[in-house]
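> Got a predicted model here, sequence first, then my questions.
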Amino acid sequence: MELGVYIHFPFCGSRCGYCDFYSTVQPVPHEVYAGAVLRELTRRAPDFDVWPVGSIYFGGGTPSLWHPEQLGRVVRGVMQTLTPGPGLEVTVELNPTTRVDPELLLAAGVNRLSVGVQSMDDAVLHMLGRRHVARDAVWIVQRARAAGFANISCDVMLGLPGQSLEHHLCDVGRVLDQLQPDHVSTYGLTLAQASPLHRRGLRAVDADYMGQMMEQGRSLLRTAGFEQYEVSSYARGAGVRGRHNEAVWHGGPYLGLGARAHSMRLDPGAARHRRQVNPELGPYLDHVGDPWSEAVPGSGVEHVTRARSRFELLFLGLRTRQGLSRRSYQDRFGIDPVEEAGERLDPLVRRGMLQVTPTHLRPTAAGIWFADELSVRLAP
């Protein structure tokens with residue numbers, strides 16, 4: 001089992017109309033924030049150093065705004081404080097408006113980029129509140145390839161207000177033709193009530209129509225040589241799958257560093273786990289040098305029950321085409337998930353939603369779209 005390290009960079013140049021992640025629009029304290037993250041890493045490493053680090057993921061916010069020398073300082077800190085595993089994956093989420101030099105990111109230790117393309121239609125990007133246009137995405141991907149990046153992922157949104165099926169397929173086609181990514185993530189739009197787009201009265205397309213977009217988008221990506229390995233994730237070969245997210249989907253531990261980052265640590269025996277949420281930026285910077293305390297405003301520690309831990313492993317595993325490992329589940333909870341599901345499993349298998357193999361309980365190509373419902377039906 002490997003550890004994933006997630007670093008949350010909460011700063012943005014502006015807020016997108018759909019965003020519900022924690023971020024702030026203010027000048028970036030580059031050195032100060034890197035120092036705070038490294039102090040937190042030093043303090044919390046003893047709880048996580050039993051696992052080798054398989055991935056480091058910089059998310060946000062807009063982590064490509066971070067000065068590469070500070071980002072590299074954090075990468076080096078993780079590698080010196082914890083034990084790097086073989087083939088360590090280091091990903092940075094990159095906004096196409098960020099005029100960062102990809103060569104500097106490579107020098108900082110980054111070997112994978114996740115580019116927030118979202119759409120290749122400038123009118124759609126404007127509606128979403130994105131600050132870039134399609135040619136910015138083309139420019140940064142070309143620069144990254146020239147610098148030597150061999151693993152580039154592109155995010156594409158679907159189900160946008162008023163979007164047609166034909167438009168979505170055209171959008172994906174343009175991403176494939178003009179950007180030639182190694183990995184594609186297609187996300188259905190969800191709008192929190194507090195988001196600017198929701199307040200303007202805009203809504204995503206209905207669930208059935210979004211389902212058609214997902215199904216036909218998968219066909220297009222498959223024809224182009226991409227394999228679906230999770231509900232929203234497609235890779236041009238197993239070697240370019242998102243290693244960080246894949247480890248989380250299969251129940252691995254992760255250490256979250258930075259303001260509002262989340263962590264998950266398996267308790268001894270691995271039958272339950274502990275989840276921690278960091279405070280927002282102000283309290284985080286004020287208290288990061290102190291012994292960790294739930295009294296820090298905005299922080300929280302949850303000792304997840306055994307029953308909830310079992311459901312979460314089932315829920316995450318059924319979002320992947322590989323499915324839930326029966327051995328891993330039994331090692332953690334002492335029971336085979338197929339045996340545990342019992343008669344609840346039979347109608348789902350008959351309807352072609354699930355497959356039972358000697359090693360896995362996995363969704364079919366049709367069933368993966370209903371992973372959430374399958375998890376609820378099978379929950380112990």
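Here it is on my side, so go on. On a predicted model such as this, the values are computed, not experimentally measured, just so you know.
> Confirm for me that Arg321 is in contact with Ser233.
No. Between Arg321 and Ser233 there is no contact under C-beta atoms under 8 Å: 9.4 Å. Every residue, glycine included, has its C-beta placed from N, CA and C.
> Can you pick out the residue with more neighbours from those two?
More crowded of Arg321 and Ser233, by other C-beta atoms under 10 Å: Ser233, with 23 against 16.
> what helix or strand is Val301 on?
Using DSSP states H and E, Val301 maps to strand 300-304.
> So which other helices or strands are in contact with that strand?
Judged by 3 or more C-beta pairs under 8 Å, 6 or more residues apart in numbering; DSSP states H and E, the packing partners of strand 300-304 are strand 273-277.
> Mind giving me the packing neighbours of the strand it packs on?
Secondary-structure packing of strand 273-277 (3+ C-beta pairs under 8 Å, 6+ apart): strand 262-266, strand 300-304.
> So which of those is the most surrounded?
Highest mean neighbour count among those (mean count of other C-beta atoms under 10 Å): strand 262-266, with a mean of 19.
> how long is stretch 351-358 end to end?
Stretch 351-358 has an end-to-end distance of 20 Å (criterion: C-alpha to C-alpha, to the nearest Å).
> Reformat the helices and strands packed on strand 273-277 as CSV; add distance to Pro27 and mean pLDDT.
Below are the helices and strands packed on strand 273-277 laid out as CSV (distance: least, C-beta to C-beta, whole Å; pLDDT from 0 to 100):
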stretch, distance to Pro27, mean pLDDT
strand 262-266, 25, 87
strand 300-304, 28, 81
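> Columns distance to Ala134 on top of those, output as JSON lines?
Formatted as JSON lines, these follow (distance: least, C-beta to C-beta, whole Å):
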{"stretch": "strand 262-266", "distance to Ala134": "33"}
{"stretch": "strand 300-304", "distance to Ala134": "40"}
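> To Gln80, which of the ones you listed lies closest?
Closest to Gln80 of the helices and strands packed on strand 273-277 is strand 262-266 (C-beta to C-beta; 19.6 Å).
> Tell me where the stretch 101-250 of the chain has strands.
For the stretch 101-250 of the chain, the strands defined by DSSP state E, counting those that start in this stretch cover 112-118, 152-158, 183-188, 227-230, 233-235.
> out of these, which comes closest to Met353?
Within the strands of the stretch 101-250 of the chain, the stretch nearest Met353 is strand 227-230; the backing value is 15.9 Å (C-beta to C-beta).
> Just list what the closest one packs against, helices and strands only.
Using 3+ C-beta pairs under 8 Å, 6+ apart, strand 227-230 is in contact with helix 207-223, strand 233-235, helix 243-249.
> for the ones you listed, which one ends up most surrounded?
When the helices and strands packed on strand 227-230 are scored by mean count of other C-beta under 10 Å, the highest mean neighbour count falls to strand 233-235 (a mean of 24).
> List the neighbouring strands of it plus their orientation.
Strand 233-235 pairs in its sheet with strand 183-188 (antiparallel), strand 227-230 (antiparallel), by DSSP bridges.
> Show the backbone phi and psi for the closest residue to Pro84 other than its chain neighbours.
Here the nearest residue to Pro84 in space, its sequence neighbours aside, is Val53; by C-beta to C-beta, 6 or more residues apart in numbering that works out to 5.2 Å. Phi and psi for Val53, reported as degrees, to the nearest 10, are phi -80, psi 120.
> and the gap between Val53 and Leu158?
33 Å (C-beta to C-beta, to the nearest Å).
> Please identify which of these two sits among more neighbours.
Leu158 (25 against 22).
> Can you list the low-confidence ranges for the stretch 151-300 of the chain?
268-272, 288-298 (pLDDT under 70).
> Next, count neighbours for Pro161.
17.
> can you pull the contacts of it?
Neighbour list for Pro161: Met127, Leu189, Leu197, Leu202, Arg203, Ala204, Val205 [criterion: C-beta atoms under 8 Å, 6 or more residues apart in numbering].
> Of those, just say which sits nearest to Gln228.
Nearest member of these to Gln228, counting by C-beta to C-beta, is Leu189, at 19.2 Å.
> Domain-wise, how is the chain divided?
Domain assignment for the chain by automatic domain parsing gives 3-248, 307-378.
> So for Gly282, which of these sits nearest?
Taking the domains of the chain one by one with C-beta to C-beta, domain 3-248 is closest: 9.5 Å.
> how much distance is there from the closest one to the middle of the chain?
On the basis of C-alpha atoms, centre = their mean, to the nearest Å, domain 3-248 sits 8 Å off its chain's mean C-alpha point.
> and the closest residue to Gln180 other than its chain neighbours, what is it in contact with?
Distances taken as C-beta to C-beta, 6+ apart put Val141 closest to Gln180, at 7.8 Å, once the chain neighbours are dropped. Neighbour list for Val141: Val115, Ile152, Cys154, Leu179, Gln180, Pro181 [criterion: C-beta under 8 Å, 6+ apart].
> Arg260 should be in a strand, yeah?
No. Counting by DSSP: H, G, I helix; E, B strand; the rest coil, Arg260 is located in no strand; its state is coil.
> angle of the longest strand along the chain against strand 112-118?
Looking across the chain with DSSP state E, the single longest strand is strand 84-94. On the basis of axes from the mean of the first three to the mean of the last three C-alpha atoms, to 10 degrees, strand 84-94 is oriented at 30 degrees to strand 112-118.
> Run through the neighbouring helices and strands of strand 84-94.
strand 53-60, helix 68-81, strand 112-118, helix 243-249.
> That strand - what's its average pLDDT?
For strand 84-94, mean pLDDT rounds to 96.
> buried stuff in it?
Leu88, Glu89, Val90, Thr91, Val92, Glu93, Leu94 (16 or more other C-beta atoms under 10 Å).
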